[in-house]
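Enquirer: Fold the following for me, if possible:
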Amino acid sequence: MNCCKRSAVLMVLVVFVVVLMSQCSVEATRVLPEDFAAANHLSTLPAEYMMKAKDTMSGWFGMLASGPSPKGPGH
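Expert: Got it, this is the predicted structure:
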């Protein structure tokens with residue numbers, strides 16, 4: 001009986017806290033301008049750099065092991 005009473009009181013407290021928390025509203029601390037994405041300071045790279053990066057990534061992916069993982073104790 002005592003356990004049921006404690007559970008009921010705890011449930012009422014949880015509901016009360018949830019109701020209080022749902023009533024609070026938080027404003028944004030920093031408002032972004034409307035066109036924040038328009039101020040892109042990144043310059044586009046020449047095509048030769050892009051091709052070199054693509055070749056480098058292809059080489060890295062080519063070095064990855066393929067096929068099933070070895071059997072035995074693992075992580």
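
Enquirer: Just the strands from the protein, written as ranges.
Expert: For the chain, applying DSSP state E gives no strands.

Enquirer: Where do the helices of it begin and end?
Expert: 2-23, 47-63 (DSSP state H).

Enquirer: tell me the mean pLDDT for the first one?
Expert: Model confidence over helix 2-23 averages 88 on the pLDDT scale.

Enquirer: Can I get it in CSV? Just the C-alpha atoms.
Expert: Listed in CSV are the C-alpha atoms of helix 2-23, where the atom choice follows Å, rounded to 0.1, in the frame of the first residue of the first chain:
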residue,chain,number,x,y,z
ASN,A,2,2.8,2.4,0.9
CYS,A,3,4.6,1.6,-2.4
CYS,A,4,1.4,2.5,-4.4
LYS,A,5,1.1,5.8,-2.5
ARG,A,6,4.8,6.7,-3.3
SER,A,7,4.3,5.7,-6.9
ALA,A,8,1.2,7.9,-7.2
VAL,A,9,3.0,10.9,-5.6
LEU,A,10,5.9,10.4,-7.9
MET,A,11,3.7,10.2,-11.0
VAL,A,12,1.9,13.4,-10.0
LEU,A,13,5.2,15.2,-9.5
VAL,A,14,6.5,14.0,-12.9
VAL,A,15,3.3,15.2,-14.6
PHE,A,16,3.6,18.5,-12.8
VAL,A,17,7.2,19.0,-13.9
VAL,A,18,6.3,18.1,-17.5
VAL,A,19,3.4,20.6,-17.5
LEU,A,20,5.7,23.3,-16.1
MET,A,21,8.4,22.6,-18.6
SER,A,22,6.0,22.6,-21.6
GLN,A,23,4.8,26.1,-20.6
